[in-house]
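> requesting a structural model of the entry that follows:
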Amino acid sequence: MDEKKSTAVKIVQTAGRDSLGDFAPEFARYNDDILFGEVWSRNDILSLHDRSIVTICSLVGAGVLTDALKYHIQTAKKNGVTRDEMVEIVTQLAFYAGWPKAWAVFPMAKEVYGGDAAQNFKNVGEKITQTAGRKVLGDFAPEFARYNDDILFGEVWSRNDILSLHDRSIVTICSLVGAGVLTDALKYHIQTAKKNGVTRDEMVEIVTQLAFYAGWPKAWAVFPMVKEVYSE
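Here you go, the predicted model:
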């Protein structure tokens, strides 16, 4: 996205003080002045487009399928996430966060994007070749291996003419962190994100934003992986 190199846009948020200013004034301040006034406002480093992806995927990964999620889908639309991109985001989330969560998200996405026309892409983007499924589980679970190699990577990841590999990496990492999957699989996807053009500064901002939406302990668990990958 071009926004990544643009001048930062200051985000003004009043929801914290409007809803909780008298009851929880310090939380309201952290929400309005820190999370939005500082973190979301560093959109010259990580675009608003991609910050919306971070937020939505971490919430879905964590199973937060409430009005808060719908609000962030609406915000994503304002931040330039297209109907086709959102459909691909939720489709990819089905594989990484689970089918039931994707089914729960699609009605919200349809409501928000219902009036937008699809672009109807017909060409697969850069074809992604994956063999890990067959190498590791081909003899033991051949159908799973086929779905992993031919469907998840051969089809879903290969529609990168609709949702870029850069942003698909963000989808995957944030859904895994949201779900608390802090294993070697996450490190693999951080390495893949680096190959897919996610810069060190972007990754630092992604994990910083995840601290607010997925929780501080998860961010602390992710940062050592990020430091290792981006020091290589």
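
> C-alpha only now, for contacts and for neighbours.
OK.

> which parts of this structure are helices?
15-20, 25-29, 48-62, 67-78, 83-97, 99-113, 132-137, 142-146, 165-179, 184-195, 200-214, 216-231 (DSSP state H).

> got TSV for the ones you listed, with mean neighbour count and mean pLDDT too?
Formatted as TSV, the helices of the chain follow (neighbours: other CA atoms under 10 Å; pLDDT from 0 to 100):
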stretch	mean neighbour count	mean pLDDT
helix 15-20	15	97
helix 25-29	17	98
helix 48-62	26	98
helix 67-78	17	98
helix 83-97	21	98
helix 99-113	16	98
helix 132-137	14	97
helix 142-146	17	98
helix 165-179	25	98
helix 184-195	17	98
helix 200-214	20	98
helix 216-231	15	98
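
> for those, which one sits closest to V156?
helix 83-97 (6.8 Å; CA to CA).

> follow-up on the earlier one: got the helices of the chain as TSV, with distance to W157 columns?
Listed next are the helices of the chain as TSV, based on distance: least, CA to CA, whole Å:
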stretch	distance to W157
helix 15-20	36
helix 25-29	39
helix 48-62	16
helix 67-78	21
helix 83-97	8
helix 99-113	17
helix 132-137	14
helix 142-146	14
helix 165-179	7
helix 184-195	12
helix 200-214	20
helix 216-231	22
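
> which one of those lies closest to T7?
Proximity to T7 (CA to CA) singles out helix 48-62 among the helices of the chain, at 11.7 Å.

> what's stretch 201-210 in contact with?
39, 45-46, 51, 54-55, 58, 174, 177-178, 216, 218-219, 222-223, 226 (CA atoms under 8 Å, 6 or more residues apart in numbering).

> one more time with 7 Å, if that's ok
With CA atoms under 7 Å, 6 or more residues apart in numbering as the test, stretch 201-210 has contacts from 39, 45-46, 54, 219.

> and if you look at stretch 144-164?
By CA under 7 Å, 6+ apart, stretch 144-164 touches 84-85, 88, 92, 124-131, 133-134, 137-138.

> end-to-end on it?
One end of stretch 144-164 sits 25 Å from the other (CA to CA, to the nearest Å).

> about what we covered before: which of the contacts of stretch 201-210 sit farthest apart?
With CA to CA as the measure, no two of the contacts of stretch 201-210 lie farther apart than I45 and A219, at 18.3 Å.

> could you measure from the closest residue to V9 other than its chain neighbours over to M203?
Closest residue to V9 apart from its sequence neighbours, by CA to CA, 6 or more residues apart in numbering: S41 at 5.9 Å. Separation of S41 from M203 (CA to CA): 16 Å.

> again with K77
Distance, K77 to M203, by CA to CA: 22 Å.

> same deal with H166?
In this structure, H166 and M203 are 11 Å apart, going by CA to CA.

> same thing with D139?
For D139, the distance to M203 equals 36 Å [CA to CA].

> what's the neighbour count on V181?
Other residues near V181 come to 15 when the count uses other CA atoms under 10 Å.

> separation between it and K218?
For V181, the distance to K218 - CA to CA - is 9 Å.
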